[in-house]
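K.L.:
Got a predicted structure plus its sequence, pasted below:
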Amino acid sequence: MLVSVLVFVFASLVTLGAAVAVVTNKNILHSAFYLILAFVGVAAIYVMLEAPFIAMVQVLVYIGAIAILIVFAIMLTRRLMSKDMDQKNAQWIPSALGSLTLFVVLGWIVYTAGWPAQEGAMPAEPISQLGQDLLTTYLVPFEIASVLLLAALVGAILIGRERETRSAE
Amino acid sequence: MADLINLIEGWITNLLLGWGASEELTLFLLQALGSVLVVIICFLIVIALIWVERKLAGRIQDRFGPNRAGPFGIFQSFADIIKIFTKEYVTPKGAEKGAFNIAPVLAMASVLAIWAVFPFAINVIGADVHVGVLYIVAVSAFGILAILMAGWSSNNRYALLGASRSVAMLISYEIPMVVSLLVPVLLAHSMKLSVIVKAQQPWWYLLVAPTAALIYLISSMAEIGKAPFDLLEAESELVAGYHTEYSGMKFGMFYVAEFLHQFTVGALITIFFLGGWGGPLAMRWPILGVIYFYGKSFLVYLVISWIRLSLPRIRIDAMLDLNWKFLIPVSFVNLVAVAVADRVMLELDLATWMYVGVMFAVNIFILLASLFLAGKSKPVVEREKFPPRPVAVPPGTES
Amino acid sequence: MSIPLNWFLVVAAGLFCIGLYGVLSRRNAIGILMGIELMLNAVNINLIAFWRYLDPARLTGQVFAVFVFAVAAAEVAVGLALVIAIYRNRDTVVVEEIDLLKE
């Protein structure tokens, strides 16, 4: 009882602290490493929510692929974003105020809303149930997601590769 | 007597409960003890493996290997450990201290964490999580991260080059690795490692899915980054790759992580394709299962060492071609074929030996067909052919 | 389930707002992408929390989380490819300097 509360508080503080570091750190590469820490914290929150599959996919997709891609992109473009450059734009004060206001409003809504009570229990085999659902009820979105991924793959290669025609001009 | 490990566990539990510890505390202490034990065994194995590896390398390359410290040089590793502990830590100028120091720990942790979910015997299992296979794949992502951090934070061109090379290699070889891991998952209908091992008694998945096993072996050899895939620390090109700037125990951690990773790959192949703890009488005496498990892992380790000591390093474009143009298509075709064959034969309700035979035939057919097609395809880049040139030319004959 | 649902939602709201601040205040295009990733993560926490607390029998929340993962992966691949392409052509990753359409 107490242990789970402590773990939850620890995980969420790490997540939020790392997230603050992501958006405020002057060195963009450090932000990327803090982003990884934030992803780990979110994975821990998924574990606390009894969704180990989602937690593992979180680590696999976000840390194994997305974070490493981001670190790579930063390394490729590092020359122009040195540490002394200002990383904040002119509108950072209004955006900070706006975000804070949004947080207050969201918090107020969360605390005043009456959430409905829990219905039903968890299925005995949640992972195989998830697989069944993906290929029956949610088949069309599943296929669309795979088409989206393929399109993104092709698009990324097309945009990202060097144009041979330009050098020939 | 039959079940030594659980006997000891029960004894400790009763002892602690007798001392007045609460049940939760007892469970926690036992789990902590188990993890420490697994980690210590891992380290002891690495000490032994370093000696075995060096001796084997010596024999294969027609040398003696270590032979000074103790009989057959078995104390060589201990001498090395003492040396490495007393060495100075050098942090290069301009290095990012935080990342530089975290990277070796992360590299070590990413390998050790895999051991948390292993089934060592029928009733000696680490954390038996529902998503075991996914856990193994996810945890190894931290190893890639460690290499990237080490390479970048060293403030060294060679280190950064080695790191970016290795990340390109590790990310691309993860695809055939994961796809070939899906085959055991599909055959066992579970991602739980203990279920996968149990489903392989007595027909190991090496017989049911040899193609997947081969692809897994090749791609995980690339994941370890040893020859013929050791481009990330190609001595002649990159000094030592991502750990060029590391010294003392920080280098030692990378070194141990590398050895342990090779042994871990052996253990993973044992679990997924060689029946894990399975063997004669392992059901009755689980302690035998533990011995079989470590023994099989060691055998696979030796096979990997043998391959890596026999083959030269391959070029980076050939390495990427092998992955993208051969391993990935073959692993996908194999996955689809195994899935279809599995479904069809479940509908037909065949005997087990026929099932295994048909699966074996399908796999071997796919392997041979893909090798035939790969042999027919022409290389995209025609390499320039130079006439053979003698290294030493007798005087007076130079043109 | 000793932790109330509200706590998870507050954490998610906090993460979302931090990400929003990052998106609005960063000059570096990659920094903006990182902010978007944080916001997507916050959404996912909400989806999983609602699934676990309100309707654990059906796995709709987890299914949606999986789709969010797919979309996030696609988004980051295309986004970073755009950043690299722009960097190559215009030598900058600062979003304020990418103003070809204004001129």
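P.N.:
That came in fine, so what should we check first? Since we're looking at a predicted model, the values are computed, not measured. Numbering: from 1, shown residues only, chains lettered A, B, ... in the order given.
K.L.:
residues contacting B:Leu302?
P.N.:
Neighbouring residues of B:Leu302 by CB atoms under 8 Å, 6 or more residues apart in numbering or on different chains: B:52, B:56. C-beta: built from backbone N, CA, C; applies to glycine.
K.L.:
what do you get if the cut-off is 7 Å, keeping everything else the same?
P.N.:
By CB atoms under 7 Å, 6 or more residues apart in numbering or on different chains, B:Leu302 lies in contact with nothing.
K.L.:
Pull the distance from whichever strand or helix holds it to the chain's centre.
P.N.:
Assigning secondary structure by DSSP states H and E places B:Leu302 in helix B:286-310. If you compare the mean C-alpha spot of helix B:286-310 with that of the full chain, they lie 11 Å apart, counting by CA atoms, centre = their mean, to the nearest Å.
K.L.:
So C:Pro56 versus A:Ala124, what's the distance?
P.N.:
In this structure, C:Pro56 and A:Ala124 are 12 Å apart, going by CB to CB, to the nearest Å.
K.L.:
ignore the last one, A:Val71
P.N.:
Here the distance between A:Val71 and A:Ala124 works out to 40 Å (CB to CB).
K.L.:
Going by neighbour count, list what's buried in the helix holding B:Leu302.
P.N.:
B:286-290, B:292-294, B:296-298, B:300-301, B:304-305, B:308-309 (16 or more other CB atoms under 10 Å in any protein chain shown).
K.L.:
likewise stretch A:111-126?
P.N.:
Taking 16+ other CB under 10 Å as the neighbour-count basis, stretch A:111-126 is seen to contain the buried residues A:123, A:126.
K.L.:
got it, and stretch A:46-55?
P.N.:
Result for stretch A:46-55 [16+ other CB under 10 Å]: buried residues A:46, A:48-49, A:51-55.
K.L.:
Just give me the residue closest to the centre of chain B.
P.N.:
With distances taken as CA atoms, centre = their mean, B:Val265 lies nearest the centre of chain B, 2.2 Å away.
K.L.:
List the residue ranges of the stretch 251-399 of chain B that fall below the pLDDT cut-off.
P.N.:
For the stretch 251-399 of chain B, residues meeting the criterion pLDDT under 70 lie at B:282, B:378-384, B:390, B:397-399.
K.L.:
Got the domain ranges for the chain?
P.N.:
In the absence of a named chain, this looks at chain A. A:1-81, A:126-162 (automatic domain parsing).
K.L.:
nope, chain B
P.N.:
Using automatic domain parsing, the domains assigned to chain B come out as B:25-86, B:92-375.
K.L.:
A:Gly41: which of those is closest?
P.N.:
Set against A:Gly41 and scored by CB to CB, the domains of chain B come closest in domain B:92-375, at 14.6 Å.
K.L.:
end-to-end on that closest one?
P.N.:
Chord length of domain B:92-375, first to last residue, is 48 Å (CA to CA, to the nearest Å).
K.L.:
right, and the helix or strand after the helix or strand harbouring B:Val46?
P.N.:
When secondary structure is defined by DSSP H and E, B:Val46 falls within helix B:23-60. Sequence-wise, the next helix or strand downstream of helix B:23-60 (DSSP H and E) is helix B:76-86.
K.L.:
Give me the buried stretch members for that next one, please.
P.N.:
In helix B:76-86, the ones that count as buried by 16+ other CB under 10 Å are B:76-77, B:80, B:84.
K.L.:
which one among those residues gets closest to chain C?
P.N.:
For chain C, the nearest member of the buried residues of helix B:76-86 is B:Ile84. The distance, counting by CB to the nearest CB, is 38.1 Å.
K.L.:
Can you tell me, leaving aside adjacent residues, what's nearest to that closest one?
P.N.:
In space, not counting the residues next to it along the chain, B:Ile84 is nearest to B:Gly252; the distance is 4.5 Å by CB to CB, 6 or more residues apart in numbering or on different chains.
K.L.:
my read: that neighbour touches B:Ile82, true?
P.N.:
No: with contact defined as CB atoms under 7 Å, B:Gly252 does not reach B:Ile82; the gap is 11.3 Å.
K.L.:
A:Ser31 contacts A:Asn25, correct?
P.N.:
Yes: A contact is recorded between A:Ser31 and A:Asn25 when judged using CB under 7 Å, the distance being 4.5 Å.
K.L.:
The two: which is more packed in?
P.N.:
A:Ser31 (25 against 18; other CB atoms under 10 Å in any protein chain shown).
K.L.:
Against C:Ala77, how distant is whichever residue of chain B sits closest to chain A?
P.N.:
Per CB to the nearest CB, the residue of chain B with the smallest distance to chain A is B:Ala141, at 3.2 Å. In this structure, B:Ala141 and C:Ala77 are 17 Å apart, going by CB to CB.
K.L.:
Also A:Met48?
P.N.:
Computed with CB to CB, the distance linking A:Met48 and C:Ala77 is 30 Å.
K.L.:
Equivalent analysis for A:Leu148, please.
P.N.:
Distance, A:Leu148 to C:Ala77, using CB to CB: 11 Å.
K.L.:
who has more neighbours, those two?
P.N.:
In this view A:Leu148 and C:Ala77 are compared by other CB under 10 Å, and C:Ala77 has more residues nearby, 21 against 17.
K.L.:
Now do the closest residue to that one other than its chain neighbours: how many residues are near it, please.
P.N.:
Nearest non-adjacent residue to C:Ala77, counting by CB to CB, 6+ apart: A:Ala156, 4.3 Å away. The criterion is other CB under 10 Å. On that basis, A:Ala156 has 21 neighbouring residues.
K.L.:
Show me which residues of the host helix or strand of A:Ala156 are buried.
P.N.:
The secondary structure element spanning A:Ala156 is helix A:139-160 (assigned by DSSP H and E). Applying a neighbour-count criterion of 16+ other CB under 10 Å, the buried positions in helix A:139-160 are A:141-142, A:145, A:148, A:152, A:156, A:159-160.
K.L.:
Surely the residue of chain B closest to chain A is in contact with A:Val57?
P.N.:
No: the pair B:Ala141 and A:Val57 does not pass the contact test of CB under 7 Å, sitting 11.4 Å apart.
K.L.:
C:Phe67 reaches A:Ala145, doesn't it?
P.N.:
Yes: using CB under 7 Å, C:Phe67 is in contact with A:Ala145, at 5.5 Å.
K.L.:
what comes up buried for the helix or strand containing B:Val183?
P.N.:
Using DSSP H and E, B:Val183 maps to helix B:157-188. Burial within helix B:157-188, assessed by neighbour count using 16+ other CB under 10 Å, is assigned to B:158-188.
K.L.:
so after it, what's the next helix or strand?
P.N.:
Moving toward the C-terminus from helix B:157-188, the next helix or strand (DSSP H and E) is helix B:193-199.
K.L.:
May I have that next one as PDB, with CA atoms only?
P.N.:
Extracted in PDB, the C-alpha atoms of helix B:193-199 (Å, rounded to 0.1, in the frame of the first residue of the first chain):
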ATOM      1  CA  LEU B 193      10.100 -17.500 -21.400                       C
ATOM      2  CA  SER B 194       9.200 -20.400 -19.100                       C
ATOM      3  CA  VAL B 195       6.300 -21.400 -21.400                       C
ATOM      4  CA  ILE B 196       8.600 -21.200 -24.400                       C
ATOM      5  CA  VAL B 197      11.100 -23.500 -22.800                       C
ATOM      6  CA  LYS B 198       8.400 -25.900 -21.700                       C
ATOM      7  CA  ALA B 199       6.900 -26.100 -25.200                       C
END
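K.L.:
what's the offset of the helix or strand following that helix from the middle of its chain?
P.N.:
Moving toward the C-terminus from helix B:193-199, the first helix or strand encountered (DSSP H and E) is helix B:205-208. Centroid separation for helix B:205-208 versus its chain: 19 Å, with CA atoms, centre = their mean.
K.L.:
The helix or strand following helix B:205-208 - contacts with which helices or strands?
P.N.:
Toward the C-terminus, helix B:205-208 is succeeded by helix B:210-224 as the next helix or strand (DSSP H and E). In terms of contact count using 3 or more CB pairs under 7 Å, 6 or more residues apart in numbering or on different chains; DSSP states H and E, helix B:210-224 is assigned the packing partners helix B:157-188, helix B:248-273, helix B:328-348, helix B:352-376.
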